[in-house]
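In: This is a predicted model, with the sequence first.
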Protein chains: 2
Amino acid sequence: MRIAVLGTGVVGRTLAASFTAAGHDIVVGTRDPGATGQREEWATSRLRLATFADAAAPAEVVVNATQGAASLDVLAQAGAAALAGAVLLDVANPLDCTGGFPPTLSVKDTDSLAEQIQRSFPEARVVKSLNTVSAEVMADPGAVGDGDTTMFVAGGDAAAKEVVTLLLGELGWHDVVDLGDLTGARGMEMWLPLWLRLFGSLSGRVFNLKIVR
Amino acid sequence: MRIAVLGTGVVGRTLAASFTAAGHDIVVGTRDPGATGQREEWATSRLRLATFADAAAPAEVVVNATQGAASLDVLAQAGAAALAGAVLLDVANPLDCTGGFPPTLSVKDTDSLAEQIQRSFPEARVVKSLNTVSAEVMADPGAVGDGDTTMFVAGGDAAAKEVVTLLLGELGWHDVVDLGDLTGARGMEMWLPLWLRLFGSLSGRVFNLKIVR
């Protein structure tokens, strides 16, 4: 599949490498490909860089791997026309770091970043997933315990959720719980304060929850 | 131990019965013991009823098993003097049901119900726990999967957390993760939106998370 990964932080790099390894055609979107390409971690990378707009234009799946505070601006640079009809996999969290650690949530409870994105780009097929774990765990769920932990998906487009669930399976996610329409993203984003606290208590990013029934 | 369980809903009844079965001396606090005693589920119960104040006065551990919206008022009826020095196990959630389902959180992100309680009753030794699961699971963690799921504790008083962890062990909780001081209650309470969504997706209350490392 043609996948655009928007964002060149650890989440974007990790997902782009994993989707490439799974055989997909990946372009990584960034504000200034020339400047990004000079950064050490990109100078040695085989991943292709392009502007947000050039990356998104041909993509069947667009991954929002930007910081939550930048997401709406970056997606606007990608362009509503490029996002129309595309599966928009939103893995970002609306963390507000301006007050120091721990960050707070800039949107919550009665709304979510995923819903803000969907309202801003009504023709995109937004699916929330992967925001509940660290980048290492997103790309390698087998690193956690016996590898059998839980991932969530939420979104209003059933076919888009199927595409995302397929991609999740390629990364190694097999216990995928469908939380229904995109309002399910509220709970997924509100998990972050507990995740951040556990990150402190457990001294590391390699953990996840398993929903036991 | 002398334990006062404040609240006569399913959470209060279930915890009172379980702590009684574990050999503790339990009194259940309610607004009007006479009226409560005439309700069908209490008329046939051997659990002792008392006013909030009479229940709390001799208790070493006071369990706040009231609805979040009523908690501060009920604890005021119990009385600051009765709560001073007591372990106050807060199992409530600050759910605001006035807007219908799903409820929202009346406090979140930069504060929590547990912290509100601690500020209102500074001499109480508040510990947050058990709010992350249904009443059935609180009292019988063995009902979920292989029985090995995770419970959290948060609070500023280490000795009070030890008392609560002992009580949790009697109920069957063995994977207890200490989230540090009472600000850890924020994440525990913000788990509720995801819990409520899972309650819908999984069609039932008998589930819990396991934190896998």
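Out: Alright, I've got the coordinates. Quantities reported herein were computed from a predicted structural model and do not represent experimental measurements.
In: A:V144 reaches A:R205, doesn't it?
Out: No: counting by CB atoms under 8 Å, A:V144 sits too far from A:R205 to count as a contact (10.1 Å). (Each C-beta comes from the backbone N, C-alpha and C, glycine too.)
In: More neighbours: those two, which one.
Out: Each of A:V144 and A:R205 has its neighbours counted (other CB atoms under 10 Å in any protein chain shown); A:V144 has more, 21 against 15.
In: The closest residue to the more buried one other than its chain neighbours: neighbouring residues, count only.
Out: Excluding the flanking residues, the one nearest A:V144 by CB to CB, 6 or more residues apart in numbering or on different chains is A:N208, at 4.9 Å. A:N208 has 25 neighbours, counted by other CB under 10 Å.
In: distance of A:N208 from B:T8?
Out: Applying CB to CB, to the nearest Å, the value for A:N208 to B:T8 is 37 Å.
In: State the distance from A:P122 to A:E162.
Out: In terms of CB to CB, A:P122 sits 20 Å off from A:E162.
In: list residues touching both of A:V144 and A:R205?
Out: Common contact partners of A:V144 and A:R205 (CB atoms under 8 Å, 6 or more residues apart in numbering or on different chains): A:V137.
In: picking up where we left off before, of A:P122 and A:E162, which one has the most company?
Out: Neighbour tally, A:P122 and A:E162, criterion other CB under 10 Å: the higher count belongs to A:E162, 14 against 10.
In: Please, which helix or strand holds that one?
Out: helix A:158-171 (DSSP states H and E).
In: Check A:V11 too.
Out: Using DSSP H and E, A:V11 sits in helix A:10-21.
In: Can you mark which positions in that helix are buried?
Out: A:11-20 (16 or more other CB atoms under 10 Å in any protein chain shown).
In: Please list the residues outside it that contact it.
Out: Residues contacting helix A:10-21 (CB under 8 Å, 6+ apart): A:3, A:5-6, A:26, A:28, A:41, A:45-47, A:63, A:65-66, A:91, A:130, A:135-136, A:138-140, A:167, A:170-171.
In: Equivalent analysis for stretch A:33-53, please.
Out: Contacts for stretch A:33-53 (CB under 8 Å, 6+ apart): A:6, A:8, A:13, A:16-17, A:20, A:26-32, A:74-75, A:77-79, A:82.
In: Could you identify the helix or strand that succeeds the helix or strand bottoming out on mean pLDDT in chain A?
Out: Least confident helix or strand, chain A: helix A:40-43 with a mean of 94, by mean pLDDT, DSSP states H and E. Beyond helix A:40-43 on the C-terminal side, the first helix or strand identified by DSSP H and E is strand A:48-51.
In: ok, that next one: who's next to it in the sheet?
Out: Under the criterion DSSP bridges, strand A:48-51 sits next to strand A:25-30 (parallel) in its sheet.
In: Could you list the buried residues of the helix or strand following the partner strand?
Out: Moving toward the C-terminus from strand A:25-30, the next helix or strand (DSSP H and E) is helix A:33-37. By neighbour count on 16+ other CB under 10 Å, the buried set for helix A:33-37 is A:33, A:36.
In: tell me the mean pLDDT for helix A:33-37?
Out: Helix A:33-37 comes out with an average pLDDT of 97.
In: show me what contacts the closest residue to A:D109 other than its chain neighbours?
Out: Spatial nearest neighbour of A:D109, chain neighbours left out: B:T104 (4.9 Å); criterion: CB to CB, 6+ apart. Residues in contact with B:T104 (CB under 8 Å, 6+ apart) are A:109-110, B:95-96.
In: What of A:A135?
Out: By CB under 8 Å, 6+ apart, the neighbours of A:A135 are A:10-11, A:13-15, A:205.
In: repeat that for 6 Å
Out: Contact analysis of A:A135 by CB atoms under 6 Å, 6 or more residues apart in numbering or on different chains lists A:10-11, A:14.
In: on that earlier part again, using CSV, write out every CA atom in the least confident helix or strand of chain A.
Out: Coordinates of the C-alpha atoms in helix A:40-43 are reproduced here as CSV (Å, rounded to 0.1, in the frame of the first residue of the first chain):
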residue,chain,number,x,y,z
GLU,A,40,21.8,12.7,11.6
GLU,A,41,19.1,10.1,11.9
TRP,A,42,17.7,10.9,8.4
ALA,A,43,21.1,11.4,6.6
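In: Just the buried positions in stretch A:143-154, please.
Out: For stretch A:143-154, by 16+ other CB under 10 Å, it's A:143-145, A:149-154.
In: Which of the three states applies to A:A4?
Out: At A:A4 the chain is in strand, as set by DSSP: H, G, I helix; E, B strand; the rest coil.
In: What pLDDT does the model give it?
Out: A:A4 is given a pLDDT of 98.
In: From what I see, it and A:V61 are in contact.
Out: No: using CB atoms under 6 Å, A:A4 makes no contact with A:V61, being 7.4 Å away.
In: who has more neighbours, those two?
Out: A:A4 (30 against 22).
In: residues in chain A within reach of chain B, list them.
Out: A:104-105, A:109-110, A:144-145, A:149, A:179, A:184, A:186-187, A:190-191, A:193-194, A:197, A:201-202, A:207-213 (CB under 6 Å from any CB of the partner chain).
In: Distance of A:M190 relative to A:L75?
Out: With distances taken as CB to CB, A:M190 is found 22 Å from A:L75.
In: Oh, that last question was meant for A:T98, not what I typed.
Out: 21 Å.
In: circling back to that earlier point, got TSV for the buried residues of helix A:10-21, with pLDDT too?
Out: As requested, the buried residues of helix A:10-21 are arranged in TSV below (pLDDT from 0 to 100):
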residue	pLDDT
A:V11	98
A:G12	98
A:R13	98
A:T14	98
A:L15	98
A:A16	98
A:A17	98
A:S18	98
A:F19	98
A:T20	98
